[in-house]
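# Output the structure for:
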Amino acid sequence: MKNSNRVLILLASVSLAIFSTPSFAAKLLVFDTPYLMILQDGEKTSGVWDGRDSQFTCTFFVQSTGAARVAGEYQVQPVGTFFFPSSDYRYAHRDTKMDIPGSLYWNGDQWVLQTRDEQPGCGNSVGSFGLAPGDSNGGSVRRYIAKEELSAVGIRVVAKRAALYDKLGDSYRKRKSYLVAGDAVAVLREDRRYAYVRYTNPGPSDSDAGHVTVGWVLKEDLVDPFPQP
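Residues are numbered from 1 along each chain as shown. Reported below is the predicted structural model:
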């Protein structure tokens, strides 16, 4: 084989390796409650709380606003929390009056989320965030246990009814099942027009809460709810 041919094959192999590399570097934390999802990407942290029962719905998003620091036994990171009043889940369309600061605390697998005020629908059985670790003003600090870590691309929201697909070789086959607008999902990986997502049903019925659905959806059916750099 000529040297020039070897060079061409080597370049093609390198290019294929580069473009075939999965586009994830973040860490998705799966908790002991179906309501909470946290993504850590370097020093940045984002997440969503989606708590529901027969009476209340408490849904909001979390985005770090600074670096984490040590505070006693915990790492603590300042965050902003925000809420969408309509079905448009782009950050610019959030309810800016409900931009509420808070803090994320973690020590090993134990996590605590505290907010200065409660988001709409919160402060009850599906989510209460007034206390930090060490607070002793008559309430019980809610701690959540991270039970699993997964590699992921990011957190997205379903913008409209999104069909689920199975991947068969290089093709995709549509299922009968689908996700609905407002469902928060973790994108585990991407392939051309498709994203492989993980959805945890928050309820409200006990039989549905915690049920995990995975599958491929069209990326165009998803929206990034977080502020863009």
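# Can you give the domain ranges for this protein?
Structurally, the chain divides into domains by automatic domain parsing as follows: 26-151, 153-223.
# For residue 229, find the nearest of the ones you listed.
In this view, the domains of the chain are compared for proximity to residue 229 by CB to CB, and domain 26-151 is the closest at 9.6 Å. Glycine gets a C-beta too; all of them are placed from N, C-alpha and C.
# Just the endpoints, please. Distance across the closest one?
The first and last residues of domain 26-151 sit 6 Å apart, counting by CA to CA, to the nearest Å.
# What of stretch 49-67?
Looking at stretch 49-67, the gap from its leading to its trailing residue is 21 Å under the measure CA to CA.
# How about stretch 169-186?
Start and end residues of stretch 169-186 are separated by 23 Å (CA to CA).
# Show me which positions of that stretch end up buried.
Applying a neighbour-count criterion of 16 or more other CB atoms under 10 Å, one finds 172, 178, 179, 183, 184, 185, 186 buried in stretch 169-186.
# What residues are bridge-paired with the fifth one?
Okay, so that is residue 184. Counting by DSSP bridges, residue 184 forms beta bridges with residue 157.
# coming back round to it: out of the buried residues of stretch 169-186, who's nearest residue 54?
Of all those, residue 54 sits closest to residue 183, with 19.2 Å by CB to CB.
# Could you double-check that the closest one lies in contact with residue 198?
No. In terms of CB atoms under 8 Å, residue 183 does not count as a neighbour of residue 198; the distance is 11.0 Å.
# Please convert the domains of the chain to JSON lines, extending it with mean pLDDT and distance to residue 229.
Supplementary listing: these in JSON lines, determined by pLDDT from 0 to 100; distance: least, CB to CB, whole Å:
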{"stretch": "domain 26-151", "mean pLDDT": "94", "distance to residue 229": "10"}
{"stretch": "domain 153-223", "mean pLDDT": "94", "distance to residue 229": "13"}
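# Need the distance between the two termini of stretch 95-108.
The first residue of stretch 95-108 is 33 Å away from its last residue (CA to CA).
# Which strand or helix spans the residue nearest the centre of the chain?
Note on the chain: the residue nearest the mean C-alpha position is residue 155, at 3.6 Å, using CA atoms, centre = their mean. Under the criterion DSSP states H and E, the helix or strand holding residue 155 is strand 154-158.
# Can you list the neighbours in contact with that strand?
26, 37, 39, 41, 46-48, 89, 179-187, 195, 197, 217, 221-226 (CB atoms under 8 Å, 6 or more residues apart in numbering).
# Alpha carbons only: can I get it in PDB?
These are the backbone C-alpha positions of strand 154-158, laid out as PDB (Å, rounded to 0.1, in the frame of the first residue of the first chain):
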ATOM      1  CA  GLY A 154     -28.600  17.500  29.400                       C
ATOM      2  CA  ILE A 155     -32.100  18.100  30.800                       C
ATOM      3  CA  ARG A 156     -34.900  19.100  28.300                       C
ATOM      4  CA  VAL A 157     -38.600  19.600  28.300                       C
ATOM      5  CA  VAL A 158     -41.000  18.000  25.800                       C
END
